[in-house]
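Student: based on what follows, work out the 3D shape:
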Amino acid sequence: MKTVKSGTNDKVNKKYYGTIASRGLTKGPVSIFKKENYSFTRTDGNNPQVESKKLVNAITGSIEEIRIIKDKIISEHIESEAQVFEAHILILQDPALIEKANSEIYLGVNSEAAWMAAIDYYAKLISALPNPTLSARADDVRDVGDRVLKHLLGGKNNYEVRLYQSSILLAYDLVPSQTAALDRSLVLGFCTAKGGPTSHTAILAKALGIPAIVGLGDEIMEITSGTQLIMDAELGEIIVNPNKNTLLEFQNRFINYSNQSINELSQANNPAMTDDGVTVEIVANIGSAENAISAISYGAEGVGLLRTEFLFLDRDHAPSEEEQINQYSRILEINDKKPVTARTLDIGGDKDVPYIGFKQESNPYLGWRGIRISLDEPVIFKTQLRALVKASYGHNLRIMFPMISTIHEFREAKKIFMGVRKEIEAESNFIIPKIQLGIMVEVPSVVILADQFAKEVDFFSIGTNDLTQYTMAADRGNNLVSNLGDPCNPAILRQIKHVIEVSHLAGKWVGLCGELGSDPEGIPILLGLGLDEFSITPSAIPHTKAIIRRWTLKDAQRIAEASMGAESASEVRTIVSSASKH
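Tutor: Here you go, the predicted structure:
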């Protein structure tokens, strides 16, 4: 990527509107980044051994770079988002891709041309499949392809975006590796012409605490580098060349926003209690022991979603029982007696592992994933359950199963769990305290039959990201249908209401672990619907607690009821914002 330098001839107070990917307020000069076009010429008659060695070195160097990025993400306590870089490594280790390139190299073609021909072939092949989810994988293929090409052309460590001053980054789009590698001491925020709020790039921005607005449209690329910009990622707008009055208004807002953030953090360890004395539980979504430490510092009252797949990815064999016990024990010990809800292995969809026999699926998000894999791979499933049970001694562990779509699946999973429990009790001559068993609500069939499930499960955890995409038939990673993926859609809210109502009638509790749980306009609705537990990104906990404290339960219930009668997500958001107390 390179900086485009030019004058500043943009109109005063020109506004652009996009979608908030990561909240915040900032201002500063613009740095425009455009993708470099790396040029090369195809040549024939080259030495295959020399060209093949060049390709090996380029791939090795690229993998090393990606691992550095992955380690950076993990070190910043957002290990759960490191999986995208594990996928990039797997692409570069794909024997079929390498063989495709080598088949050209062996004919005398230079490595640059052979490699990009292989990348283009597989990217087009994936893009042509009748599943929009896989088009995102084509972007991943092109991303790692460009990185290797840069090495082949002699470049090193310069694929990432580089900033030379504190500025707001404007780009047509950013891939996750570029977002993760941004210099956080210099990047004030970033805006993109493309993108949606649930893309990997957007999720990374939120996890890293970088204000971000996406989907602003191609016109923003006409803004010139150095132009002063106000970025309001609370309203979803940018203001180009703000005048004095606009700057003064922003400065007042920024001071208030900063003071509010400091105050919210100082109150983070206090309960999330409404203005009329009703308390709800605020817990964290995590994917490592490091995440658990960070979550507590933000005021988490436990863990509502432990993504256990962090132990299973980026390796060529399943983790042993002992390895899993050690990792689960660390997280449970960090939380002491606080509740920790572990989700059993949730792979498939966009997450696969080489030691499980995945076959190519035309629509993997509707295929072999979650509990379906666990029930078909009982050795892996039993080993994980044994490790969780053994690690639970003296702690408050809950276990939930992902991608449940039928009662039979839950019963089978519970049967295996009970068998494992009896085995351990027989081995240790120790009666294991009760461990609550619940399910993720991600599939509409579970919502429809929630009254039947409520008779058998101990709790529900609503995964609004997947529930939204399955209800709206809109892949959350596809920019073309991102407008359909708003979880404030009444179709989603009515399902949440139904699950909570039937669960409470059965004496069961309900949590939620999707992005809606930290959405300022979603929070009062969930509060009004009677949600028992909000499980969210750790950094969002202080603000979420603060929002809850500004509402009474009665007002929240009134807003929730009004939202049930809305016709669209935008109407719901208007209802909430017009009644907002913040």
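Student: averaged pLDDT, stretch 498-517. What do you get?
Tutor: For stretch 498-517, the per-residue pLDDT values average out at 96.
Student: list the buried residues for it?
Tutor: 499-503, 508-517 (16 or more other CB atoms under 10 Å). (Each C-beta comes from the backbone N, C-alpha and C, glycine too.)
Student: now swap in stretch 394-405 and tell me
Tutor: Within stretch 394-405, judged by 16+ other CB under 10 Å, the buried ones are 395-405.
Student: among the buried residues of stretch 498-517, which are in helices?
Tutor: Per DSSP state H, helices hold the following members of these: 499-503.
Student: following the helix or strand hosting residue 202, which helix or strand shows up next?
Tutor: Using DSSP states H and E, residue 202 sits in helix 200-208. Where DSSP H and E defines the elements, the next helix or strand beyond helix 200-208 is strand 212-214.
Student: that following strand pairs with which strands, parallel or anti?
Tutor: strand 19-22 (antiparallel), strand 187-192 (parallel) (DSSP bridges).
Student: residue 61 contacts residue 151, doesn't it?
Tutor: Yes. Applying CB atoms under 8 Å, one finds residue 61 in contact with residue 151, separated by 4.9 Å.
Student: these two: who's more crowded?
Tutor: residue 151 (21 against 18; other CB atoms under 10 Å).
Student: hmm, which helix or strand of the protein has the shakiest average pLDDT?
Tutor: strand 2-3 (a mean of 40; mean pLDDT, DSSP states H and E).
Student: now tabulate the ones in helices among the buried residues of stretch 498-517 in CSV and tack on distance to residue 348.
Tutor: Formatted as CSV, those follow (distance: CB to CB, whole Å):
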residue, distance to residue 348
499, 23
500, 28
501, 31
502, 28
503, 27
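Student: which one of the residues you listed is nearest to residue 434?
Tutor: residue 503 (18.4 Å; CB to CB).
Student: how much space between that closest one and residue 361?
Tutor: Per CB to CB, to the nearest Å, residue 503 is found 32 Å from residue 361.
Student: same question, residue 500
Tutor: Taking CB to CB, one finds residue 500 at 33 Å from residue 361.
Student: quick one: list the elements packing against the helix or strand where residue 138 lies.
Tutor: Counting by DSSP H and E, the element that carries residue 138 is helix 132-152. Packing contacts for helix 132-152, counted by 3 or more CB pairs under 8 Å, 6 or more residues apart in numbering; DSSP states H and E, involve helix 48-75, helix 83-92, helix 111-127, helix 176-180.
Student: among those helices, which comes closest to residue 455?
Tutor: Ranking these by proximity to residue 455 (CB to CB) places helix 83-92 first, at 35.0 Å.
Student: so for that closest one, what gets flagged as buried?
Tutor: Buried residues in helix 83-92, counted by 16+ other CB under 10 Å: 83-92.
Student: can I get the residues you listed in a markdown table including distance to residue 377 and pLDDT?
Tutor: Listed next are these as a markdown table, based on distance: CB to CB, whole Å; pLDDT from 0 to 100:
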| residue | distance to residue 377 | pLDDT |
| --- | --- | --- |
| 83 | 19 | 67 |
| 84 | 24 | 73 |
| 85 | 25 | 80 |
| 86 | 19 | 75 |
| 87 | 20 | 76 |
| 88 | 25 | 83 |
| 89 | 23 | 85 |
| 90 | 19 | 82 |
| 91 | 24 | 86 |
| 92 | 26 | 89 |
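Student: which one of those residues is nearest residue 304?
Tutor: Among the buried residues of helix 83-92, and counting by CB to CB, the member closest to residue 304 is residue 83, at 19.1 Å.
Student: and the closest residue to residue 295 other than its chain neighbours, helix, strand or coil?
Tutor: Nearest non-adjacent residue to residue 295, counting by CB to CB, 6 or more residues apart in numbering: residue 284, 3.6 Å away. With DSSP: H, G, I helix; E, B strand; the rest coil as the basis, residue 284 sits in strand.
Student: list the contacts for residue 284?
Tutor: 291-292, 295, 298, 300, 302-305, 535-538, 541 (CB atoms under 8 Å, 6 or more residues apart in numbering).
Student: how many residues are close by residue 446?
Tutor: Number of residues near residue 446 (other CB under 10 Å) recorded here: 26.
Student: with residue 564 instead?
Tutor: 14.
Student: surely it and residue 494 touch.
Tutor: Yes. Contact criterion CB under 8 Å: residue 564 and residue 494 qualify, at 6.1 Å.
Student: nearest to residue 113 among the buried residues of stretch 394-405?
Tutor: The closest of the buried residues of stretch 394-405, once distances to residue 113 are taken by CB to CB, is residue 403, at 42.4 Å.
Student: re earlier: can I get the helices and strands packed on helix 132-152 in JSON lines with distance to residue 372?
Tutor: Listed next are these as JSON lines, based on distance: least, CB to CB, whole Å:
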{"stretch": "helix 48-75", "distance to residue 372": "28"}
{"stretch": "helix 83-92", "distance to residue 372": "19"}
{"stretch": "helix 111-127", "distance to residue 372": "23"}
{"stretch": "helix 176-180", "distance to residue 372": "27"}
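Student: nearest to residue 338, of those?
Tutor: helix 48-75 (22.8 Å).
Student: pLDDT on stretch 315-332, on average?
Tutor: The model assigns stretch 315-332 a mean pLDDT of 94.
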